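Enquirer: generate coordinates for the sequence data below:
(chains A and B)
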Number of protein chains: 2
Amino acid sequence: MTRLIVGGAQMGPAQKADSRETVVARMMDLMREASAKGVGMLVYPELALTTFFPRWYMEDRAEADFWFEREMPNGATRPLFDLAAELGIAMTFGYAELTPDGHHFNTSILTNRKGEIVGKYRKIHLPGHVEYDPERTHQHLEKRYFEPGDLGFNVWRNEGVLMGMAICNDRRWPETFRCMGLQGVQLVTIGYNTPSVNSQNGGEGLKERLFHSELSLQVGAYQNATFVAGIAKAGVEDGNPLMGGSVIVDPNGFIIAKAETEGDELITADCDFDLCAFGKSTIFDFARHRRIEHYGRITAQTGVIEPR
Amino acid sequence: MTRLIVGGAQMGPAQKADSRETVVARMMDLMREASAKGVGMLVYPELALTTFFPRWYMEDRAEADFWFEREMPNGATRPLFDLAAELGIAMTFGYAELTPDGHHFNTSILTNRKGEIVGKYRKIHLPGHVEYDPERTHQHLEKRYFEPGDLGFNVWRNEGVLMGMAICNDRRWPETFRCMGLQGVQLVTIGYNTPSVNSQNGGEGLKERLFHSELSLQVGAYQNATFVAGIAKAGVEDGNPLMGGSVIVDPNGFIIAKAETEGDELITADCDFDLCAFGKSTIFDFARHRRIEHYGRITAQTGVIEPR
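Expert: Take a look at the predicted model:
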């Protein structure tokens, strides 16, 4: 039996003025709380170390480099890695990555219980836009500051569990989950920063946004018979509300842990990964039931082609 | 503006002893009721004309041919087509199809408001098994009596709306919806016959089964910005309970009509198909956001390949 207590470290807002050190100290507090609860794998949000800077338009993109990390771990995050190793907690968190050769990605890393990085993911489904958009109530410039991830959707055997990562908007795309499901994934971790209101439709507020997030996470779990942890950075960052609603979902698609606040909050679930086997061997036994000869459009065309 | 009142004609049980004529008479009653409510497009269940015969094991497969239709329309269904033309109602329903050259499919057809067949779909994701399985509480022999569909997932422009069909278990596979989403679909119709209890896990009962069905239908609608009508054959057929829960879902994934019984019951929703445009042009603008270079596994491999 492979069993781990999975923790979701939802984080409250990080203001523009907050230093990495301040934020990492909060992450370490959550990790100590997780350790007290026996957590073996701890999931932090997307862009955990800073405010959600893609809401700010910077004409000169290089100005945004302030928000990027040039190495990981680095001076600010080293104490978190050390604590993880000391407490024996595997973890994943997101950050903005600037590579030595000048590429920008929205990235997350996965560590084992020794604090060693065993996997890296770079966000593939970047939402939003490239240029300032005066028609939106707030900007969402991920397509300006990041390049689409170049590493694909991978799965790693970590601490006895097949784990995969995705980030925020990736959760709305069934391709994300399926690519990992086809590698037998048992735990998908997804950090997010999701504005509480749709910038292009003010009528789509918190209730609808939470529904869409849960729907996407639950069905990803169910249809691939995997645990899913969707963990938010939440609360009001310099006047801009982000939704909470962090959840851990079981392989039947049921929510087994859920955050109640929009602040720093730990949720936990005792996950028996053997529970993935039933779905994977019956209704979602891909080898028996998938019919790839009819799925050609999914990889052959990017956009819509209507029939005549 | 393209607007149609969509009707879901949930049907109660068809017993083994019921003739096609008896069932078609009930379908016609539902159609008259739909006409009185202004329905322009009426959706009937999977295998609407007969009992869900794949629950019965027949050693000689040819014995099952009794449950198949050799042409459509035929003597038993002609009155339904005539009434549809008279009332000006487009429709879709499912039936077991035996082709002139001896192939067996779980099929549905789509008609226009003149009662003319404009589209045909053959179920691709056949659940269940081929041989008698003594470990199950009830048999589900779709893989014995049907071949996997050979027509793909198509979309037709019918009465001003881009319509596509799928059948029952297809709804649990995101590939189903995505293949139609990539053709701009605005209404996906899905008939089903779903046992109220999992034959391999008695602990998965009606509540869980309804949840999984709704989850799959809602997310298919949301992630492809399309209306979805999921319509049941429900109730107890010769001692075997089928779940109801027929729904019509809007392009945001919200349920806008839902059946309350397990019998013959009409649900309706006034659908403004222009509502599909917002999702298709923003968060699910496939051309801008999909990254097919990372989806290769979806069409390159059928089953799971775990990492080393």
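Enquirer: how about the helices of the stretch 101-250 of chain A, start to end?
Expert: A:142-145, A:174-181, A:206-224 (DSSP state H, counting those that start in this stretch).
Enquirer: save those as CSV, and put in mean neighbour count, mean pLDDT and distance to B:Ser246 too.
Expert: Where you see a C-beta, it was placed from the backbone N, CA and C, and this is true even at glycine. Output for these, formatted as CSV (neighbours: other CB atoms under 10 Å in any protein chain shown; pLDDT from 0 to 100; distance: least, CB to CB, whole Å):
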stretch, mean neighbour count, mean pLDDT, distance to B:Ser246
helix A:142-145, 20, 97, 39
helix A:174-181, 26, 98, 23
helix A:206-224, 22, 97, 19
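Enquirer: grab the nearest non-local neighbour of A:Leu4.
Expert: In space, and not counting its chain neighbours, A:Leu4 is closest to A:Gly40: 4.1 Å by CB to CB, 6 or more residues apart in numbering or on different chains.
Enquirer: please read the previous query as pertaining to A:Asp82.
Expert: With sequence-adjacent residues excluded and distances taken as CB to CB, 6+ apart, A:Asp82 is closest to A:Gly115, at 6.8 Å.
Enquirer: show me what contacts that neighbour?
Expert: A:Gly115 makes contact with A:81-82, A:84-85, according to CB atoms under 8 Å, 6 or more residues apart in numbering or on different chains.
Enquirer: now it: how far from chain B?
Expert: In this view, A:Gly115 and chain B are 21 Å apart by CB to the nearest CB, to the nearest Å.
Enquirer: now do that residue, the pLDDT please.
Expert: Predicted confidence (pLDDT) at A:Gly115: the value is 97.
Enquirer: state the number of residues packed around A:Val155.
Expert: 26 (other CB atoms under 10 Å in any protein chain shown).
Enquirer: that one pairs with what?
Expert: With DSSP bridges as the criterion, A:Val155 is bridged to A:Gly164.
Enquirer: my guess is it contacts A:Met180. True?
Expert: Yes: between A:Val155 and A:Met180 there is a contact under CB atoms under 8 Å: 5.4 Å.
Enquirer: what residues are shared contacts of the two?
Expert: A:Gly164.
Enquirer: so how far is A:Phe105 from the residue of the stretch 1-150 of chain A found nearest chain B?
Expert: Proximity of the stretch 1-150 of chain A to chain B (CB to the nearest CB) peaks at A:Ile124, 5.0 Å away. Distance, A:Ile124 to A:Phe105, by CB to CB, to the nearest Å: 10 Å.
Enquirer: any residues in contact with both of these two?
Expert: Residues within reach of A:Ile124 and of A:Phe105 at once, by CB under 8 Å, 6+ apart, are A:Gly149.
Enquirer: that older thread, burial of the residue nearest to A:Leu4, as a residue count?
Expert: Residues within reach of A:Gly40, counting by other CB under 10 Å, total 22.
Enquirer: who touches it in this structure?
Expert: Taking CB under 8 Å, 6+ apart, we find A:Gly40 in contact with A:4-6, A:88-90, A:113, A:159.
Enquirer: and it, how far from A:Arg3?
Expert: Distance from A:Gly40 to A:Arg3, counting by CB to CB: 9 Å.
Enquirer: remind me which helix or strand the closest residue to A:Asp270 other than its chain neighbours belongs to.
Expert: Using CB to CB, 6+ apart and skipping residues adjacent in sequence, the residue nearest A:Asp270 is A:Ile5, 5.1 Å away. In this assignment (DSSP states H and E), A:Ile5 forms part of strand A:3-10.
Enquirer: buried stuff in that strand?
Expert: Buried residues in strand A:3-10, defined by neighbour count with 16 or more other CB atoms under 10 Å in any protein chain shown: A:4-10.
Enquirer: partner strands of that strand and their direction?
Expert: In the sheet, strand A:3-10 lines up with strand A:41-43 (parallel), strand A:265-272 (antiparallel) (DSSP bridges).
Enquirer: which of the ones you listed sits most buried?
Expert: The highest mean neighbour count among these, using mean count of other CB atoms under 10 Å in any protein chain shown, belongs to strand A:41-43: a mean of 29.
Enquirer: quick one: contacts for the spatially closest residue to A:Gly296 that is not a sequence neighbour?
Expert: Of all residues not flanking A:Gly296 in the chain, B:Thr299 sits nearest, at 6.2 Å (CB to CB, 6+ apart). By CB under 8 Å, 6+ apart, B:Thr299 lies in contact with A:292, A:295-296, A:298-300.
Enquirer: convert the C-alpha atoms of stretch A:62-74 to PDB, please.
Expert: Extracted C-alpha coordinates of stretch A:62-74, given in PDB (Å, rounded to 0.1, in the frame of the first residue of the first chain):
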ATOM      1  CA  ALA A  62      12.900  43.600 -18.800                       C
ATOM      2  CA  GLU A  63      11.500  45.600 -15.900                       C
ATOM      3  CA  ALA A  64       9.500  42.400 -15.100                       C
ATOM      4  CA  ASP A  65      12.700  40.500 -14.600                       C
ATOM      5  CA  PHE A  66      12.700  41.700 -11.000                       C
ATOM      6  CA  TRP A  67      10.000  39.100 -10.400                       C
ATOM      7  CA  PHE A  68      11.900  36.100 -11.900                       C
ATOM      8  CA  GLU A  69      14.300  33.600 -10.200                       C
ATOM      9  CA  ARG A  70      17.600  33.000 -11.900                       C
ATOM     10  CA  GLU A  71      18.300  29.800 -10.000                       C
ATOM     11  CA  MET A  72      16.400  27.400  -7.700                       C
ATOM     12  CA  PRO A  73      17.000  27.100  -4.800                       C
ATOM     13  CA  ASN A  74      18.500  30.500  -4.400                       C
END
